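**Q** with the sequence up front, the predicted model follows.
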Amino acid sequence: MKPETEKYHQNIFQVELTKLKDKDYITSEHYEITLKAHHQYYQDLEELKQLQVKAAKAAEEIKQKPIQTAKNSEKEIISGRNP
């Protein structure tokens with residue numbers, strides 16, 4: 001979801017939640033708990049997105065690294081160099 005869309009949905013949720021509190025459908029305590037949980041949900045989503053981006057970058061870097069062939073490894077072992 002685009003950041004603008006996420007912000008839009010967050011605002012709608014907060015407005016609707018405020019209406020529930022103002023009309024005494026929920027207590028102020030429930031309002032605060034729910035609003036904090038909703039905020040935490042979006043923070044967790046953002047952190048997950050960042051982790052996915054990092055993982056994708058790391059995978060791309062691994063793909064781009066040259067692969068050492070078995071022959072090179074055998075030569076290094078035979079010559080006494082540790083890989």
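**A** On my side now, so go ahead.
**Q** can you list the low-confidence ranges for the protein?
**A** Where the chain drops to pLDDT under 70, the residues are 68-83.
**Q** tell me the spacing between the spatially most central residue of the chain and Glu32.
**A** By Cα atoms, centre = their mean, the chain has its centre lying nearest to Leu48, at 1.2 Å. From Leu48 across to Glu32, the span is 25 Å (Cβ to Cβ, to the nearest Å). For the C-beta atoms, the positions are set from N, CA and C on the backbone; glycine is no exception.
**Q** what does Phe13 give?
**A** Distance, Phe13 to Glu32, using Cβ to Cβ: 14 Å.
**Q** the two: who's more crowded?
**A** Neighbours per residue (other Cβ atoms under 10 Å) separate Phe13 from Glu32, with Phe13 holding more: 16 against 13.
**Q** quickly note the distance from the more buried one to Lys65.
**A** Computed with Cβ to Cβ, the distance linking Phe13 and Lys65 is 44 Å.
**Q** what's the single longest helix in the protein?
**A** Longest helix in the chain, counting residues (DSSP state H): helix 28-64.
**Q** now for it, which elements pack on it?
**A** Here helix 28-64 touches helix 3-22, going by 3 or more Cβ pairs under 8 Å, 6 or more residues apart in numbering; DSSP states H and E.
**Q** next, the angle from the helix it packs on to helix 28-64.
**A** For helix 3-22 against helix 28-64, the angle by axes from the mean of the first three to the mean of the last three Cα atoms, to 10 degrees is 160 degrees.
**Q** residues in contact with helix 3-22?
**A** For helix 3-22, the external contacting residues (Cβ atoms under 8 Å, 6 or more residues apart in numbering) are Met1, Ile26, Thr27, Ser28, His30, Tyr31, Thr34, Leu35, His38, His39, Tyr42, Leu45.
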